[in-house]
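Participant: What follows is a predicted protein model with its sequence.
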2 protein chains.
Amino acid sequence: MRTRPLKVALLGCGVVGSEVARIMTTHADDLTARIGAPVELAGVAVRRPSKVREGIDPALVTTDATALVKRGDIDVVVEVIGGIEPARTLITTAFEHGASVVSANKALLAQDGAALHAAAEQHGRDLYYEAAVAGAIPLIRPLRESLAGDKVNRVLGIVNGTTNFILDKMDSTGAGYQEALDEATALGYAEADPTADVEGFDAAAKAAILAGIAFHTRVRLDDVYREGMTEVTAADFASAKEMGCTIKLLAICERAADGGSVTARVHPAMIPLKHPLAGVRGAYNAVFVESDAAGQLMFYGPGAGGAPTASAVLGDLVAVCRNRLDGATGPGESAYAALPVSPMGEVVTRYHISLDVADKPGVLAQVATVFAEHGVSIDTVRQHVRPDSDGEASLVVVTHRATDAALGGTVEALRKLDTVRGVASIMRVEGE
Amino acid sequence: MRTRPLKVALLGCGVVGSEVARIMTTHADDLTARIGAPVELAGVAVRRPSKVREGIDPALVTTDATALVKRGDIDVVVEVIGGIEPARTLITTAFEHGASVVSANKALLAQDGAALHAAAEQHGRDLYYEAAVAGAIPLIRPLRESLAGDKVNRVLGIVNGTTNFILDKMDSTGAGYQEALDEATALGYAEADPTADVEGFDAAAKAAILAGIAFHTRVRLDDVYREGMTEVTAADFASAKEMGCTIKLLAICERAADGGSVTARVHPAMIPLKHPLAGVRGAYNAVFVESDAAGQLMFYGPGAGGAPTASAVLGDLVAVCRNRLDGATGPGESAYAALPVSPMGEVVTRYHISLDVADKPGVLAQVATVFAEHGVSIDTVRQHVRPDSDGEASLVVVTHRATDAALGGTVEALRKLDTVRGVASIMRVEGE
């Protein structure tokens, strides 16, 4: 057992950082035993140095994060600031000064993962980021290590707790989007500006990271198709129920059937109630992974929060510290497959389309003809004549599998029909 | 990229071994890219050399496993023979001759894990065994790496697919144990001699391994309390339903409330329908992990079968090969906590007890007195008078939390009451 401690610099001391510092103190003996050397908090970079931070020696606190990562005696930098800058520059500087890095920064990794991995490799250091995706749920490590001898074909997950809380609330209470969002905000599940969550930016960053690791291919944030869930209505949930489904905001990373390309996307989708993801309640996250040999795996747990995220950070910290002692590094970026990332138009799935149509003979035939002309095969059609309607009916079409481009063309043509008054909703159907 | 291949000796070429060999061939390029060097099947030890093995060069096949592991040029030995001997001697010999080992052998690891880990450490080699517990589900790696900075308090899992298939069948069809077992046998889910599964030996081995890793403490197979599920009846399922529960064979590893000791046990138990483990169908496995910081995590997937188990073996193979190239080793045994393993009598849980009693006044008072005298607090009592009974009633008692010893004493005393004709069933209630 080495007695000289490994030195850790903590960048950021908010909800996650303060938990990391707390556990490093309270579980110091366990960490020492598991790492094989003591681990010492050598500095904490914060924005507001005057804030009282229980359990943290004020002498360790600094506002000069750059000086901290440049000190030269730091073994591991833990970055829990978030955002692109200054995190990116600090991480790069950390590598240049000999530190390994543990980060929880999904936005940065989704945007600049390749460059950061290259910097880590250049300096012979580790870049670990289990906490960047789905909080406490071990997902990065299983994907890049446990499944390293398998071929992953699909990753299908609920990776944003805020939106799952809102959708679960809409599903269980019949509330509308705004009402459910207000409750999420009141309970602290949604931020004052919920855009990153409800518009799917957060989930898209995670999808880029997961797709990259799963398919050994660089997938940038821009490669991820993204659709938020602010348009999901109580009526959509009613339609989903009729289908034996619920609605979730899903991150979906898929290898094409021919194996030659991949796609990554985030959007709300109907998913059968019997699918394990359908039962994921509240702010929990869960990720379904399908691979050639392992078959179907699911990983479930809290996707956010200070302590859960800190658990993931500390697991990485132990691994990175062990590597330092061994003079080794863990798996770096694996992008050798370099598969093309196809645009959304090439994604193949099923669709649930609600149309408002004129209630007169021949409409169904017209609509069916448009689908056929675009090569989209119809699975089921249901027609509802509303009692109070003024010559209007609603038509619900569920398709067989078709490309997103074909479906888009179909919808465009449907809108041009005189008998179609409007397209009330289009929702993909996944997980079947 | 190194071009000299890493050499792998495969011990056993049955359901799992043949899949490992197949994937090593079909995915050779991927494995090379992920490891950083080619990996070559250098020899396959089998019992019946005459059997035709598709895709395996007959020149590699040998019946002399000992000579194979002694060759001296083997980098990794993959042991998928199972059983204690000759596997134990072969693994030890492999370490002595410079190889790392990937094993799927739960029985051996549960019995001799400490000695095997010591041998690996002595020779500076790796011992990995993700495939030994819950097939394809990443569980060993998440527990020993992802949660290395956390404190695990409980592992609660369905780790035997055969018994889950049988119990699920009993639950969904009302079948009795024998009928469900017969179907499992016919479908190939149960072996001709199902003892290891239905008596809980297989699950107990996995519980010992999981408890050891989760609590950083040596837990031997003998430390695991074990009760099979052959006595579970259709009546038990009916009782469970009345409680809003189902019945699963659970492996439960717990840290005592005071943190000073641990327990490990396998037995059938009632579990609330709303618990995620209740929904685990067929031969699937799932493991629930509760820790201080991460909270509740669940890992779900196929717990057995050739390809899923091979997926886990190959993930370990990639890790072990990478370590060889780095001149490093992965995490070895972590038993520093050395917590005492308490006997079953100290386990604290709830109980569901069905008694056949005389249908006369005062019986309930007598029974309640016995519970009180033994310090077991009653939560609910239901009394059923059977229409066709000859002065007999049934009494169903659900207790608050009590030690297994207190419950045992209570039941012993109940049996001595004249008014208690028999104890129809005792079942623990978990996961609340």
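Facilitator: Okay, I see it.

Participant: What about contact with chain B: does stretch A:49-65 have any residue there?
Facilitator: No: counting by C-beta under 8 Å from any C-beta of the partner chain, chain B has no neighbours in stretch A:49-65; the shortest distance is 14.9 Å. Backbone N, C-alpha and C define where each C-beta goes, glycine included.

Participant: Give me the distance between the two termini of that stretch.
Facilitator: Stretch A:49-65 has its terminal residues 12 Å apart, counting by C-alpha to C-alpha, to the nearest Å.

Participant: Please tell me how far the closest residue to chain B within the stretch 251-400 of chain A sits from A:Leu68.
Facilitator: Per C-beta to the nearest C-beta, A:Leu314 is where the stretch 251-400 of chain A lies closest to chain B, at 2.3 Å. Separation of A:Leu314 from A:Leu68 (C-beta to C-beta, to the nearest Å): 19 Å.

Participant: When those two are compared, which one has more neighbours?
Facilitator: The neighbour count for A:Leu314 versus A:Leu68, taken as other C-beta atoms under 10 Å in any protein chain shown, is higher for A:Leu314 (30 against 23).

Participant: Give me the secondary structure label for that one.
Facilitator: helix (DSSP: H, G, I helix; E, B strand; the rest coil).

Participant: Leaving out chain neighbours, which residue sits closest to the residue of the stretch 101-250 of chain A found nearest chain B?
Facilitator: Chain B sits closest to A:Gly149 of the stretch 101-250 of chain A, with a gap of 2.3 Å, by C-beta to the nearest C-beta. Spatially, and ignoring its direct neighbours in sequence, A:Gly149 is nearest to B:Leu314 (2.3 Å; C-beta to C-beta, 6 or more residues apart in numbering or on different chains).

Participant: Verify the contact between the one you found and A:Ala293 for me.
Facilitator: Yes: counting by C-beta atoms under 8 Å, A:Ala293 is a contact partner of B:Leu314 at 7.3 Å.

Participant: Pull up the overlap in contacts between those two.
Facilitator: A:Gly149, A:Asp150, B:Ile23 (C-beta atoms under 8 Å, 6 or more residues apart in numbering or on different chains).

Participant: residues in contact with the second one?
Facilitator: By C-beta under 8 Å, 6+ apart, the residues touching A:Asp150 are A:Ser291, A:Asp292, A:Ala293, A:Ala294, B:Ile23, B:Ser311, B:Leu314, B:Gly315.

Participant: How about the last one?
Facilitator: Taking C-beta under 8 Å, 6+ apart as the contact definition, B:Ile23 lies against A:Gly149, A:Asp150, A:Ala293, B:Ala310, B:Ser311, B:Leu314.

Participant: Make a markdown table from those residues and add distance to B:Leu339 and pLDDT to it.
Facilitator: Output for the contacts of B:Ile23, formatted as a markdown table (distance: C-beta to C-beta, whole Å; pLDDT from 0 to 100):
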| residue | distance to B:Leu339 | pLDDT |
| --- | --- | --- |
| A:Gly149 | 34 | 96 |
| A:Asp150 | 35 | 97 |
| A:Ala293 | 36 | 97 |
| B:Ala310 | 34 | 97 |
| B:Ser311 | 32 | 97 |
| B:Leu314 | 33 | 98 |
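
Participant: Which members of these occur in helices, if any?
Facilitator: Applying DSSP state H to the contacts of B:Ile23, the entries found in helices are B:Ala310, B:Ser311, B:Leu314.

Participant: Quick one: low-confidence residue ranges for chain A.
Facilitator: The model of chain A has pLDDT under 70 over residues A:1, A:387, A:389.

Participant: go again using 80 as the cut-off
Facilitator: Counting by pLDDT under 80, the low-confidence segments of chain A come to A:1-3, A:385-391.

Participant: And the helices in it?
Facilitator: Under DSSP H, chain A gives helices at A:15-26, A:28-35, A:65-70, A:87-96, A:106-122, A:140-141, A:161-173, A:177-186, A:195-198, A:201-215, A:234-242, A:306-326, A:363-373, A:404-416.

Participant: can you tell me which residues contact A:Val367?
Facilitator: Taking C-beta under 8 Å, 6+ apart, we find A:Val367 in contact with A:Leu355, A:Val357, A:Leu395, A:Val397, A:Leu414, A:Leu417, A:Thr419, A:Val420.

Participant: can you tell me which of the shared contacts of B:Leu314 and A:Ala293 lies nearest to B:Val363?
Facilitator: Nearest to B:Val363 among those: A:Asp150, at 59.4 Å, using C-beta to C-beta.

Participant: how far away is the residue of chain A most remote from its centre from A:Asp30?
Facilitator: The C-alpha centroid of chain A is most remote from A:Pro361, which lies 45.9 Å away (C-alpha atoms, centre = their mean). Distance, A:Pro361 to A:Asp30, using C-beta to C-beta: 75 Å.

Participant: same deal with A:Val133?
Facilitator: From A:Val133 across to A:Asp30, the span is 25 Å (C-beta to C-beta).

Participant: the more surrounded of these two?
Facilitator: More crowded of A:Val133 and A:Asp30, by other C-beta under 10 Å: A:Val133, with 29 against 20.

Participant: ok now do the residue nearest to the more buried one when sequence neighbours are not counted, which residues does it touch?
Facilitator: Nearest non-adjacent residue to A:Val133, counting by C-beta to C-beta, 6+ apart: A:Lys206, 4.6 Å away. Contacts for A:Lys206 were tallied using C-beta under 8 Å, 6+ apart; they are A:Lys106, A:Ala110, A:Ala132, A:Val133, A:Ala134, A:Gly157, A:Val159, A:Asn160, A:Ala251.
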